[in-house]
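[1] Okay, structure incoming, though there's no sequence with it:
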């Protein structure tokens with residue numbers, strides 16, 4: 001889907017031991033016909049040298065390590081030495097999609113991601129459209145995490161996966177991740193999966209609607225000048241209240257940011273925020289949603 005194949009040289013910086021990520025990427029790259037350099041983690045200076053001297057065109061890495069490698073190459077060898085065109089990145093907490101957009105602009109690469117777990121391997125992958133296309137050898141359902149019943153398209157719930165593999169019979173495996181179906185097959189199983197909304201249990205119920213941490217990430221992405229955001233849920237006069245706090249870049253248009261944040265929250269959460277305010281800062285690695293309804 002990312003048009004990487006014969007002629008490409010991939011530096012795979014995922015670990016090959018104790019975790020399956022390294023082998024998963026290695027097998028995928030080789031099946032696409034690309035050459036793989038098994039770099040593993042660490043050894044930043046050596047890996048930067050390898051990128052330049054072997055003509056690496058694609059990198060598989062965590063987002064943080066990709067940035068470390070890219071900066072090391074440019075710092076040591078100059079901008080013209082950076083020839084990487086494609087990056088397969090691991091997801092991170094916070095405004096990850098906004099980070100990807102910045103990486104694409106700053107380093108001249110296209111970024112790609114997939115949804116995989118240690119238990120199942122690849123579940124779904126990006127193809128340039130919204131969300132993830134489900135792997136043809138996986139049956140994905142979105143289910144109520146309590147009853148296990150399959151939910152209608154568009155309603156968030158737990159990602160439940162069955163592997164079409166007689167040698168690895170995972171049947172209705174509950175991943176603990178939350179997402180929603182963007183497109184469905186005739187039997188109600190998922191053909192296109194949304195970005196993950198968070199972990200089951202991470203959502204907060206507000207006026208009978210579950211609000212997931214992913215909603216707050218979408219607010220940051222959609223709000224001009226926003227660096228961070230947080231939602232706080234309270235219970236006042238027998239009504240659930242949800243308030244958004246935004247941290248903006250210096251000089252950002254406050255009114256425009258408040259309006260954009262409010263609209264983005266309504267779009268992704270399907271309810272209105274009661275208040276949007278601008279704050280100077282939020283604690284580092286602060287929770288995206290804080291539930292104060294019970295105290």
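    Received the coordinates, thanks. Keep in mind that this is a model prediction, so the values were computed, not measured.
[2] can you list contacts of the lowest-mean-pLDDT helix or strand in the chain?
    None of the helices or strands of the chain scores lower by mean pLDDT, DSSP states H and E than strand 198-199, at a mean of 76. Outside strand 198-199, the residues that touch it by Cβ atoms under 8 Å, 6 or more residues apart in numbering are 176, 177, 178, 212, 213, 214. Every C-beta, even on glycine, is put in place using the N, C-alpha and C of the backbone.
[3] Show me these that map onto helices.
    213, 214 (DSSP state H).
[4] Turn the contacts of strand 198-199 into CSV, including distance to residue 116 and neighbour count.
    Shown next, in CSV, are the contacts of strand 198-199 (distance: Cβ to Cβ, whole Å; neighbours: other Cβ atoms under 10 Å):
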residue, distance to residue 116, neighbour count
176, 14, 13
177, 11, 19
178, 16, 24
212, 20, 24
213, 20, 21
214, 18, 25
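[5] Ends of stretch 182-193, what's the gap?
    End-to-end distance for stretch 182-193: 6 Å, by Cα to Cα, to the nearest Å.
[6] what do you get for stretch 85-96?
    End-to-end for stretch 85-96, by Cα to Cα: 19 Å.
[7] can you check stretch 81-100 too?
    Terminal-residue distance, stretch 81-100 (Cα to Cα): 21 Å.
[8] which residues are contacting it?
    2, 4, 8, 14, 21, 25, 51-52, 55-64, 66, 70, 73-74, 103, 107-114, 195-196, 217, 220-221, 228, 285.
[9] residue boundaries of the strands in the stretch 151-295 of the chain?
    157-163, 173-179, 181-184, 190-193, 198-199, 204-206, 209-211, 226-236, 239-248, 275-278, 289-291 (DSSP state E, counting those that start in this stretch).
[10] Among the contacts of stretch 81-100, the buried ones, what's the PyMOL command?
    Those of those that count as buried under 16 or more other Cβ atoms under 10 Å are selected in PyMOL with:
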select buried, resi 2+4+8+14+21+25+51+56+57+58+59+60+61+62+63+66+70+73+74+103+107+109+110+111+112+113+114+195+196+217+220+221+228
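[11] Narrow the contacts of stretch 81-100 to those in strands?
    Using DSSP state E, 58, 59, 60, 61, 62, 110, 111, 112, 114, 228 are the members of the contacts of stretch 81-100 that sit in strands.
[12] any idea what sits nearest the first one, other than its immediate chain neighbours?
    Among residues not flanking residue 58 along the chain, residue 86 sits closest, at 4.1 Å (Cβ to Cβ, 6 or more residues apart in numbering).
[13] Help me confirm that residue 49 is found in a strand?
    No: counting by DSSP: H, G, I helix; E, B strand; the rest coil, residue 49 is not found in a strand; it is helix.
[14] tally of neighbours for the residue nearest to residue 58?
    Using other Cβ atoms under 10 Å, residue 86 has 18 other residues around it.
[15] Any chance of the backbone angles for the residue nearest to residue 20 when sequence neighbours are not counted?
    The shortest distance from residue 20 to any non-neighbouring residue, by Cβ to Cβ, 6+ apart, is to residue 118 (5.5 Å). The phi and psi torsions at residue 118 (degrees, to the nearest 10) take the values phi -60, psi -30.
[16] how many other residues sit next to the nearest residue to residue 272 once chain neighbours are set aside?
    Nearest non-adjacent residue to residue 272, counting by Cβ to Cβ, 6+ apart: residue 266, 5.4 Å away. Other residues within reach of residue 266, judged by other Cβ under 10 Å, total 13.
[17] Over to residue 162?
    For residue 162, using other Cβ under 10 Å, the count is 17.
[18] And for residue 211?
    29.
[19] thinking again about what came up before, I figured the residue nearest to residue 20 was touching residue 22, is that so?
    No: the criterion here is Cβ atoms under 8 Å, and residue 118 misses it with residue 22 at 11.8 Å.
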